[in-house]
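Novice: Starting from these lines, generate the structure:
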Amino acid sequence: MSLFSLLSVSGSGMGAQRLRAQLLVENLANAETTRTPEGGPYRRKDAVFASEPQSSPFAAEFQTQLLDGAAGVSVAEIVEDTREPLKRYLPGHPDAGPDGYVAFPRISPAEDMVDLLNATRNYQANVSAVAAVRDMIHRTLDLLR
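Specialist: The predicted structure follows:
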């Protein structure tokens, strides 16, 4: 595995974690949204990751064919929560039904904050990996001088 393919792996991880963080922030921002253009309350979204072969744009074609390719990560799909929304009795609310209950999204801000912290740390780990590979490349170039 070349150093450049390691950069591709870390780059794919950073992109996947960035999208996950965006979805978590969207969930937090819509934790109290009771009406959406699709109708009903907001539905929590989450990213599903999948392994994806990575190749370096700098690698020769024969190296890609001979060596095992590096496996990165990609977002396979974005899933919405299909559970029934939470019902709260708020008869004065504009979105209250005839029984006085309002449907709210099933979002736990504490859980999403922990997930957001996890996504941030995973992103930072990929940044550290890129920095380590960059240092290896610089040291290699220094040795070849």
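Novice: only C-alpha atoms for contact and neighbour calcs from this point on.
Specialist: Fine.
Novice: Check which residues of stretch 90-106 are buried.
Specialist: 95-96, 101-106 (16 or more other Cα atoms under 10 Å).
Novice: Could you find the closest non-adjacent residue to G15?
Specialist: S74 (7.9 Å; Cα to Cα, 6 or more residues apart in numbering).
Novice: Distance of that neighbour relative to A47?
Specialist: According to Cα to Cα, to the nearest Å, S74 and A47 sit 10 Å apart.
Novice: for A96, what are its contacts?
Specialist: Counting by Cα atoms under 8 Å, 6 or more residues apart in numbering, A96 touches 90, 102-103.
Novice: three-state assignment of it?
Specialist: Per DSSP: H, G, I helix; E, B strand; the rest coil, the secondary structure class of A96 is coil.
Novice: Show the model's pLDDT score for it.
Specialist: As predicted, A96 sits at a pLDDT of 94.
Novice: In contact with the residue nearest the centre of the chain, which residues?
Specialist: Nearest residue to the geometric centre of the chain (Cα atoms, centre = their mean): R20, 2.0 Å. Applying Cα under 8 Å, 6+ apart, we find R20 in contact with 46-47, 119.
Novice: run the last query once more with 10 Å
Specialist: By Cα atoms under 10 Å, 6 or more residues apart in numbering, R20 lies in contact with 14, 26, 45-49, 75, 78, 115-116, 119-120.
Novice: Let me know the closest of the residues you listed to D142.
Specialist: Of all the contacts of R20, M14 has the smallest distance to D142: 28.0 Å, by Cα to Cα.
Novice: just to confirm, which helix or strand has that closest one in it?
Specialist: Using DSSP states H and E, the element containing M14 is helix 3-29.
Novice: buried set for the next helix or strand after that helix?
Specialist: Where DSSP H and E defines the elements, the next helix or strand beyond helix 3-29 is strand 45-54. By 16+ other Cα under 10 Å, the buried positions in strand 45-54 come out as 45-47, 49, 52, 54.
Novice: Which secondary structure state does K87 sit in?
Specialist: At K87 the chain is in strand, as set by three-state DSSP.
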